[in-house]
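Trainee: heads up, no residue letters with this:
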């Protein structure tokens, strides 16, 4: 049974957004923020005589209680998750799923989730499988992604915002752009520029299975990914700005992966297992 109508639902959601404390706020910062809001509130001068209306006092008290209550809810329900080594799987309160790349981070509020399905991607790269329902939003410092039920990738690892749609429909919005993506569409937003491209839908989440596909990517960036995934430090001694196109799976031995990367661009590698170190030089 539905206990409230759509209009009430919208009103509650508006209150939650107005009083929401940022995901990364500390407890002390949160309460200071609530206090500052109360300090800025209009003061109602009340007649202390016999004709004073009791509801005015009740209204002021209720406003104070509501402000503190919503701030407390937003603070208590905040949850932050950072991916460990490999792929980290996160199940959201509605059954939606997030796959986090290593060291990537998301945050969401478990208590307000029923009113507003909102996730913040604070760092790295994530693939989302969203259950159908109300609007689902992924917030980033570069823009937001909005869907109803679909699967898509959001990537902040290159410094900009990259969104690729695998199934359904995705809406990407920032200060300059609002673009709808269909399966196989991708958008890259860097600074004030937005580029639309195409990608094979089945390749969008290939990294979640250990498959990595690269097209004209700097060799140094590819090696950084290998180093992170395999637990090595890599010393890249070539100063050439080489580009790599190819694919491999992280389940392959590190020697095979290095062969796949180095041979096409005329590089050679030396593995130092005891130091967990790899040296890359020109051939």
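Mentor: Thanks, I have the structure now. For clarity, every value in this text was computed on a predicted model and none was experimentally measured.

Trainee: once you drop chain neighbours, what's closest to residue 198?
Mentor: Nearest residue to residue 198 in three dimensions, chain neighbours excluded: residue 184, at 5.6 Å (Cβ to Cβ, 6 or more residues apart in numbering). In short, each C-beta sits where N, CA and C put it, glycine included.

Trainee: what is the burial count for the one you found?
Mentor: Residues lying near residue 184 (other Cβ atoms under 10 Å) number 17.

Trainee: low-scoring stretches of the stretch 1-150 of the chain, by residue?
Mentor: 1-75 (pLDDT under 70).

Trainee: show me where it has helices.
Mentor: 6-19, 27-40, 54-76 (DSSP state H, counting those that start in this stretch).

Trainee: mind listing the residues bridging to the spatially most central residue of the chain?
Mentor: Among the residues of the chain, the one closest to the centroid is residue 121, at 1.5 Å (Cα atoms, centre = their mean). Note on residue 121: beta-bridge partners by DSSP bridges are residue 106.

Trainee: verify the stated contact: it with residue 156.
Mentor: Yes: with contacts counted by Cβ atoms under 8 Å, residue 121 reaches residue 156, the gap being 6.3 Å.

Trainee: which residues are common contacts for these two?
Mentor: Taking Cβ atoms under 8 Å, 6 or more residues apart in numbering as the criterion, residue 121 and residue 156 both touch residue 140.

Trainee: returning to that earlier point: I'd assumed residue 200 was in contact with the residue nearest to residue 198.
Mentor: Yes: at 6.9 Å, residue 184 counts as touching residue 200 under the criterion of Cβ under 8 Å.

Trainee: and the residue nearest to residue 198, what does it touch?
Mentor: Here residue 184 is in contact with 165, 198-201 (criterion: Cβ under 8 Å, 6+ apart).

Trainee: at 10 Å instead, please
Mentor: 164-167, 197-204 (Cβ atoms under 10 Å, 6 or more residues apart in numbering).

Trainee: which of those residues are buried?
Mentor: 164-167, 199, 201, 204 (16 or more other Cβ atoms under 10 Å).

Trainee: for the helix or strand hosting residue 224, the distance to its chain's centre please.
Mentor: Element membership for residue 224 (DSSP states H and E) is helix 219-230. Counting by Cα atoms, centre = their mean, to the nearest Å, helix 219-230 is centred 22 Å from the centre of its parent chain.

Trainee: same deal with stretch 226-238?
Mentor: 25 Å.

Trainee: got a list of contacts for it?
Mentor: 85-87, 101-103, 207, 210, 212, 219-220, 223-224, 242, 248, 250, 253-254, 257-258, 261, 265-273, 275-283.

Trainee: of the residues you listed, which belong to strands?
Mentor: Among the contacts of stretch 226-238, DSSP state E puts 212, 248, 267-272, 277-282 in strands.

Trainee: so residue 113 versus residue 80, what's the distance?
Mentor: 14 Å (Cβ to Cβ, to the nearest Å).

Trainee: out of the two, which sits in the busier spot?
Mentor: Legend: neighbour count by other Cβ under 10 Å for residue 113 and residue 80, higher for residue 113 (17 against 12).

Trainee: who are the contact partners of that one?
Mentor: Residue 113 touches 77, 79, 92-94, 96, 119, counting by Cβ under 10 Å, 6+ apart.

Trainee: need the buried ones from these selected in PyMOL.
Mentor: Filtering the contacts of residue 113 down to the buried ones (16+ other Cβ under 10 Å) takes a single PyMOL command:
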select buried, resi 92+96+119
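
Trainee: check contacts around the residue nearest to residue 213 when sequence neighbours are not counted.
Mentor: Nearest residue to residue 213, sequence neighbours excluded (Cβ to Cβ, 6+ apart): residue 247, at 4.4 Å. Shown in contact with residue 247 (Cβ under 10 Å, 6+ apart): 203, 206, 211-215, 260.

Trainee: CSV for those residues, including pLDDT and distance to residue 147?
Mentor: Listed next are those as CSV, based on pLDDT from 0 to 100; distance: Cβ to Cβ, whole Å:
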residue, pLDDT, distance to residue 147
203, 87, 20
206, 89, 21
211, 89, 24
212, 87, 25
213, 85, 24
214, 85, 27
215, 82, 26
260, 95, 35
